[in-house]
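# Got a predicted model here, sequence first, then my questions.
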Amino acid sequence: MTYRALDQNSVIDYMRDLGGLDENIPAAAAMQADEVGDGNLNLVFIVRECEAPYRSVILKQALPYLRVAGESWPLTRERMRFETQALLKQNELAPELVPHVYHTDDGMSLVIMEYLANYEVMRRPLVARKRFPHFADHISTFMARTLFFTSDLYLTGVEKKGLQATFINPHLCKIQEDFVFTNPFMQSEENNWNPLIDNEVRAVRSNSDLKLAIAEMKAAYMTNGQALIHSDLHTGSIMVNGSGTKVIDPEFAFFGPMGFDIGALLENLVLNYLSHFAHTPDADERRAYQEYLLDLVREIWQQFAAKFEELWLQNSRGELMPAAYWDFPGGTEAFARFRSRYIAEVLHDVAGFGGCKMLRRMMGIVSVWDISSIDDPTERAIAERLAIRIGSRWVLERKRFTSIDGLIDVVREECRTVESRHDNT
Ligand code: ADP
Ligand code: MG
């Protein structure tokens, strides 16, 4: 089908021409569509059956440009192919943790998927101090399964490269390369920061050790095709409720370093932690929730590492390395050391990537709502300065961390001054 951007009316014609979606929405039914996308990139419609609104689907379509920037910023529609392929792969590897896919159309650059009724994007409830008892379990399963089963630890070399060839996603990679690792740390006109942290921003941009470390993380992002990563796994790409977790929006997916996904998630939880210095003035309430967030960080990593290693032990069919390779006296121990060093390297990447991403949110093109929603610039600067200190240390000290507690201790150490200041007021 030749491409045309849909609107509220033509989206219904499109559904009708499809012949409906079987048990979801029959073609003859009266339908209503609303555009709900709060995202920066694409059109997102909810299409409902008027007589039976519980029968709803999401239709997401890529535009040939970046939505927030308008037509002056072309961006290839091919990104929808990556999103579709990633959703299908994730459905295969982590069913129940992503929306079901009902229909895909490459020519129209669209996908029709499950409408996640009763789910909300995670960022806001985290600011409202909601708790999600199954979240660490769910998201660690998502990451362990999607990363392990697309890596050389599970796939043969030929399988891995065959899959990787279908995920060469240069234009969306370039967005991350520019806006996570490069532009925030040099003069670039789209950069945006709180004038109260001018000095801190300037210091980051002229800190040789830090710039070198960020350049090394960028090199790893660009060259370490370790597994199929989501590549934008922040709390705005996760929808939750009391019992479920769903990962959405994988258009940046490509073969990159595992630590980029885990780092993005943990770094967003830390930014949310920092935002509560402003959002939650009551000290007891704040501390309790901040502790909950640090427990989440610990649980997510520990459960990820345990599940990942267990998958490895149970499914050791990849060519890195075949079981026979370890078949020698002492081989069992050597294999155990290989696993533990591999996972330790992922943790270093979590700190390195998480740190870069924390920094870029303070001085690049996009902040995070948790922090940008703090109206008072002085209050906001408290969180921002801490994010810069923590992010810088995560990147610079990444290779010294031997457990997740090292990353958590940096958060606690840097926040101590603010806590005593809050206590005295
Ligand atoms: P973009 O790529 O443009 O950022 P997203 O995939 O993040 O688009 O979707 C934008 C918004 O649409 C999400 O923040 C969420 O509110 C809503 N949304 C997306 N997918 C679904 C879904 N499957 N069910 C319900 N709401 C969804
Ligand atoms: Mg998106």
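Noted; the coordinates are in hand. None of these values were measured; they are calculated from a predicted model. Numbers count the residues shown, from 1 in each chain. Ligands and ions are numbered 1, 2, ... in the order given.

# Val98 in helix, strand or coil?
coil (DSSP: H, G, I helix; E, B strand; the rest coil).

# What number of residues are in the vicinity of it?
Using other C-beta atoms under 10 Å, the number of residues around Val98 comes to 27. All C-beta atoms are positioned from the backbone trio N, CA, C, and that covers glycine.

# Run a quick check on it versus Gln90, I expect a contact.
Yes. Here Val98 reaches Gln90: they are 4.4 Å apart, a contact under C-beta atoms under 8 Å.

# Identify the contacts common to the two.
142, 247 (C-beta atoms under 8 Å, 6 or more residues apart in numbering).

# Dump the helix or strand Ile139 falls within to PDB, restricted to CA.
In this structure, Ile139 sits in helix 135-148 according to DSSP states H and E. These are the backbone C-alpha positions of helix 135-148, laid out as PDB (Å, rounded to 0.1, in the frame of the first residue of the first chain):
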ATOM      1  CA  PHE A 135       7.800  -4.700  38.700                       C
ATOM      2  CA  ALA A 136      11.400  -5.900  39.500                       C
ATOM      3  CA  ASP A 137      10.400  -9.500  38.700                       C
ATOM      4  CA  HIS A 138       8.700  -8.600  35.500                       C
ATOM      5  CA  ILE A 139      11.300  -6.100  34.100                       C
ATOM      6  CA  SER A 140      14.200  -8.300  35.100                       C
ATOM      7  CA  THR A 141      12.600 -11.200  33.200                       C
ATOM      8  CA  PHE A 142      12.000  -9.000  30.200                       C
ATOM      9  CA  MET A 143      15.600  -7.900  30.100                       C
ATOM     10  CA  ALA A 144      17.200 -11.300  30.900                       C
ATOM     11  CA  ARG A 145      15.200 -13.100  28.200                       C
ATOM     12  CA  THR A 146      15.300 -10.500  25.400                       C
ATOM     13  CA  LEU A 147      19.000 -10.000  25.900                       C
ATOM     14  CA  PHE A 148      20.100 -13.500  26.600                       C
END
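
# Which residues does that helix contact?
With C-beta under 8 Å, 6+ apart, helix 135-148 has contacts from 89-90, 93-94, 97-98, 154, 226-230, 233, 238, 240, 244-245, 247, 258, 261-262, 265, 296, 299-301, 303-304, 307-308, 311-312, 315.

# again with stretch 276-296
The contact list for stretch 276-296, computed with C-beta under 8 Å, 6+ apart, reads 126-127, 129, 131, 135-136, 269-270, 272-273, 370, 373-374, 376, 379-380, 382-383, 386, 408, 411-412, 418, 422-423.

# Give me the buried subset of those.
Buried subset of the contacts of stretch 276-296 (neighbour count, 16 or more other C-beta atoms under 10 Å): 126-127, 129, 135-136, 269-270, 272-273, 370, 374, 380, 382-383, 386, 408, 411.

# Can you spell out which helices and strands pack onto the longest strand belonging to the chain?
The longest strand of the chain (DSSP state E) is strand 52-62. Judged by 3 or more C-beta pairs under 8 Å, 6 or more residues apart in numbering; DSSP states H and E, strand 52-62 is in contact with helix 10-18, strand 42-49, helix 79-93, strand 110-114.
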